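**Q** pasting the structure only:
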Ligand SMILES: [Zn+2]
């Protein structure tokens, strides 16, 4: 196994900040129809950032002065399950990506139509060791990661080509999902951060995928569902070593109105990330929606960065029984989203159990209020 030092490339003086988005995949020809098509070369990397690029003003995420938050998509697995896929597999979304990419494409399209300004690639649960267990070589896994981002970008491009879809919209972005180490373990520890892996093992696990996704042409990096302060610190360390990555958000899972899943006060992780220029937003996802209004000010008390907020729909996930417990009352997500926005959330969407209808309603509420 690699030590952390071996896993990390040397810092090469790359740009400390990369806030201009380049829409690198906008002009890629369509054609990502299967993850292993193999004949077409993968994108060579992102184009150099060009502030004069015609797409730049639309593609750029909101600045603090922008009255419009960026609407994220909703629960990816929830949609696949609604489509009849059995996701009771350690690699759920990656498995669908490999076997039925059209289903992944359809979910992206649904959220774009519902009003998402940013869709998240189906890479959350894909990892080199996880895919190796599934029989993929490292090269094949690399191709699958790139394919997932290409697929999302193609769906975004397809959506944007239709003038009817542009009305009142900004050109949607593609964020590459980077899930926690626990998502690879698939034993429920992604919700507690209670890993046996030490920092070096966590760094080795994350580095290759993070580096690959940072060069995949995605507009943003979605470092999401992080359960512990320790994993957050490891990822921050790795982000600092990437060569000119796209802007990132780091989003934690929280167990109550003030603490991460591992019990760390949220102010502590927000402070850890406060001086990391590569992290543009900090906040919570995969967390009960009722906690967000209390969490956001705590994140923001420790950093000037705007917040990201995309909690689950109603219910509590039981990672042992692998079922959702339905709550007695239902959350009014659009109403709650208005509060999150007022408290300083710039990226707002949904996680598990949120559907395109929820995203449409959240968007409607936020834009009516802006
Ligand atoms: Zn979730």
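**A** Cool, the structure landed. Keep in mind that what you see is a predicted model, and the values were worked out from it rather than measured. Numbers count the residues shown, from 1 in each chain.
**Q** what residues does the protein put near the ion?
**A** Residues of the chain found near the ion (C-beta under 5 Å from the ion) are 286, 312, 351, 352. From N, CA and C alone the C-beta is placed, and that goes for glycine too.
**Q** tell me, how many neighbours does the third one end up with?
**A** If I follow you right, that is residue 351. Residues within reach of residue 351, counting by other C-beta atoms under 10 Å, total 27.
**Q** Please, where are all the strands along the stretch 51-200 of the chain?
**A** 70-71, 118-120, 173-178 (DSSP state E, counting those that start in this stretch).
**Q** quick one, which of those is nearest to residue 299?
**A** Closest to residue 299 of those, according to C-beta to C-beta: strand 70-71, at 16.7 Å.
**Q** what's the closest one in contact with?
**A** The contact list for strand 70-71 (C-beta atoms under 8 Å, 6 or more residues apart in numbering) reads 61-62, 115-118, 173, 346-349, 359, 362-363, 366.
**Q** any idea what sits nearest the residue nearest the centre of the chain, other than its immediate chain neighbours?
**A** Note on the chain: the residue nearest the mean C-alpha position is residue 222, at 3.0 Å, using C-alpha atoms, centre = their mean. Among residues not flanking residue 222 along the chain, residue 175 sits closest, at 4.0 Å (C-beta to C-beta, 6 or more residues apart in numbering).
**Q** For that neighbour, name its beta-bridge partners.
**A** Beta bridges link residue 175 to residue 120, residue 220, judged by DSSP bridges.
**Q** how far away is it from the ion?
**A** Distance of residue 175 to the ion, computed by C-beta to the ion, to the nearest Å: 15 Å.
**Q** same deal with residue 318?
**A** For residue 318 relative to the ion (C-beta to the ion), the value is 13 Å.
**Q** and what of residue 131?
**A** 21 Å.
**Q** OK, contacts around the nearest residue to that residue once chain neighbours are set aside?
**A** Leaving out its chain neighbours, the residue that sits closest to residue 131 by C-beta to C-beta, 6+ apart is residue 141, at 4.3 Å. Neighbour list for residue 141: 126, 128, 131, 132 [criterion: C-beta under 8 Å, 6+ apart].
**Q** so of those residues, which ones are in helices?
**A** 128, 131, 132 (DSSP state H).
**Q** quick one, what contacts residue 88?
**A** residue 322.
**Q** related to what we said a few turns ago, in JSON lines: the contacts of residue 141, plus pLDDT and neighbour count.
**A** Below are those laid out as JSON lines (pLDDT from 0 to 100; neighbours: other C-beta atoms under 10 Å):
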{"residue": "126", "pLDDT": "90", "neighbour count": "28"}
{"residue": "128", "pLDDT": "94", "neighbour count": "19"}
{"residue": "131", "pLDDT": "92", "neighbour count": "24"}
{"residue": "132", "pLDDT": "92", "neighbour count": "13"}
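**Q** just to revisit the earlier point, is it true that the residue nearest to the centre of the chain touches residue 180?
**A** No. With contact defined as C-beta atoms under 8 Å, residue 222 does not reach residue 180; the gap is 11.9 Å.
**Q** Could you report the neighbour count for the closest residue to residue 68 other than its chain neighbours?
**A** Excluding its sequence neighbours, the residue lying closest to residue 68 (C-beta to C-beta, 6+ apart) is residue 370, at 5.4 Å. Residue 370 has 10 neighbouring residues, counting by other C-beta under 10 Å.
**Q** how much space is there between residue 370 and residue 71?
**A** 11 Å (C-beta to C-beta, to the nearest Å).
**Q** Tell me where the stretch 201-350 of the chain has strands.
**A** So, for the stretch 201-350 of the chain - with DSSP E, counting those that start in this stretch - the strands run 220-226, 248-252, 279-285, 307-310, 316-318, 323-325, 345-348.
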